[in-house]
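[1] here you go, sequence then predicted model.
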Amino acid sequence: MGTMDDKGTARAFLTTERMLLRPLTAADEDRLVELDGDPEVMRYLDGGRPTPRETVRREHLPRLTRHYPGIGTYGYWAAEEADTGAFLGWFEFRPLRDDSAAVVELGYRLRRVAWGRGYATEGARALLRKGFTELGVERVTANTMTVNSGSRRVMEKAGLMYVRTYFGDWPDAIEGSEHGEVEYEITREGWERHERRDRRDRTGQRERTESRSSRPASAGGDVPAEFLGDGVHGVDGG
């Protein structure tokens, strides 16, 4: 899983409806430099400063391509669009201890073109499923700035629950850092409950839709589209 073939080409670790997740390699250097060169991508990380190529090569790539024996695979994954192969960014699913799969940190960094299209939630949900059903993970944690509402929304949609707000001793303050950071988490048992509830919700919505479609139209005409569905409308934060 997530290994290299005989020619050194990265094999897929995980596929979702719209994405392929594969190991990152040294060949991704240009893609990573471009990703970290977008001020909006880096806004909640370092205030929007681009990461120098030398830093990507000497510091980031060794971390992003590291193998973790606790889960038997890597901790970071390049995300590609399944249909086109376009690089979307990367996801993190990294054990906090090298020799244990018990606690894993979830994260992601996506290109701006991928924002608001549900990729972050799709990838997070797929990684949670794989971690809890195949990798022996017991708990997943995630962190972001308190003011990063988009990432917080992704965590919540994936089923993670707010744990605490904390204040780190960062060397360089950036806009919003005065509000601290937030930690979210989900356990295997919590994920199983979330999955059961999600299945019930989908089944109920499908039954309601089928009931509406088989009901004769009233004299007042069809139900306006904005009133169909679950009544929740919004843009996915990632």
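    Sure, I can see it. For clarity, every value in this text was computed on a predicted model and none was experimentally measured. Residues are numbered from 1 along each chain as shown.

[2] show me where the chain has its strands.
    14-15, 19-23, 67-68, 73-74, 76-81, 87-97, 100-110, 139-145, 161-166, 181-187 (DSSP state E).

[3] using TSV, lay out those together with distance to residue 155, mean neighbour count and mean pLDDT.
    In this view, the C-beta of every residue, glycine as well, is placed from N, C-alpha and C. Shown next, in TSV, are the strands of the chain (distance: least, C-beta to C-beta, whole Å; neighbours: other C-beta atoms under 10 Å; pLDDT from 0 to 100):
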stretch	distance to residue 155	mean neighbour count	mean pLDDT
strand 14-15	19	16	96
strand 19-23	18	22	97
strand 67-68	22	16	96
strand 73-74	22	20	96
strand 76-81	17	23	98
strand 87-97	13	21	98
strand 100-110	8	20	97
strand 139-145	5	20	97
strand 161-166	8	12	98
strand 181-187	4	19	98
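
[4] would a markdown table of those with distance to residue 35 be doable?
    Shown next, in a markdown table, are the strands of the chain (distance: least, C-beta to C-beta, whole Å):
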| stretch | distance to residue 35 |
| --- | --- |
| strand 14-15 | 20 |
| strand 19-23 | 15 |
| strand 67-68 | 22 |
| strand 73-74 | 18 |
| strand 76-81 | 10 |
| strand 87-97 | 6 |
| strand 100-110 | 6 |
| strand 139-145 | 17 |
| strand 161-166 | 27 |
| strand 181-187 | 22 |
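
[5] nearest to residue 50, of those?
    When the strands of the chain are compared by C-beta to C-beta, strand 100-110 sits nearest residue 50, at 13.3 Å.

[6] can you spell out which helices and strands pack onto that closest one?
    In terms of contacts (3 or more C-beta pairs under 8 Å, 6 or more residues apart in numbering; DSSP states H and E), strand 100-110 is packed against strand 87-97, helix 119-134, strand 139-145.

[7] how much distance is there from the shortest one to the middle of the chain?
    Distance of strand 139-145 from its chain centroid, counting by C-alpha atoms, centre = their mean, to the nearest Å, is 11 Å.

[8] run through this structure and note the low-pLDDT ranges.
    1-10, 207, 209-211, 213-238 (pLDDT under 70).

[9] in it, which helix is the longest?
    Using DSSP state H to define each element, the chain has its longest helix at helix 188-214.

[10] contacting residues for the closest residue to residue 137 other than its chain neighbours?
    Once flanking residues are discounted, residue 137 sits nearest to residue 131: 3.7 Å by C-beta to C-beta, 6 or more residues apart in numbering. By C-beta atoms under 8 Å, 6 or more residues apart in numbering, the contact set of residue 131 is 71, 93, 101, 104, 137, 140.

[11] if we only consider those, which is nearest to residue 163?
    So of these, ranked by how close each gets to residue 163 (C-beta to C-beta), first place is residue 140, at 11.5 Å.

[12] surely the closest one touches residue 101?
    No: contact criterion C-beta atoms under 8 Å: residue 140 and residue 101 do not qualify, at 10.7 Å.

[13] could you dump the contacts of residue 131 to JSON lines with distance to residue 171?
    Formatted as JSON lines, the contacts of residue 131 follow (distance: C-beta to C-beta, whole Å):
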{"residue": "71", "distance to residue 171": "31"}
{"residue": "93", "distance to residue 171": "27"}
{"residue": "101", "distance to residue 171": "32"}
{"residue": "104", "distance to residue 171": "27"}
{"residue": "137", "distance to residue 171": "32"}
{"residue": "140", "distance to residue 171": "28"}
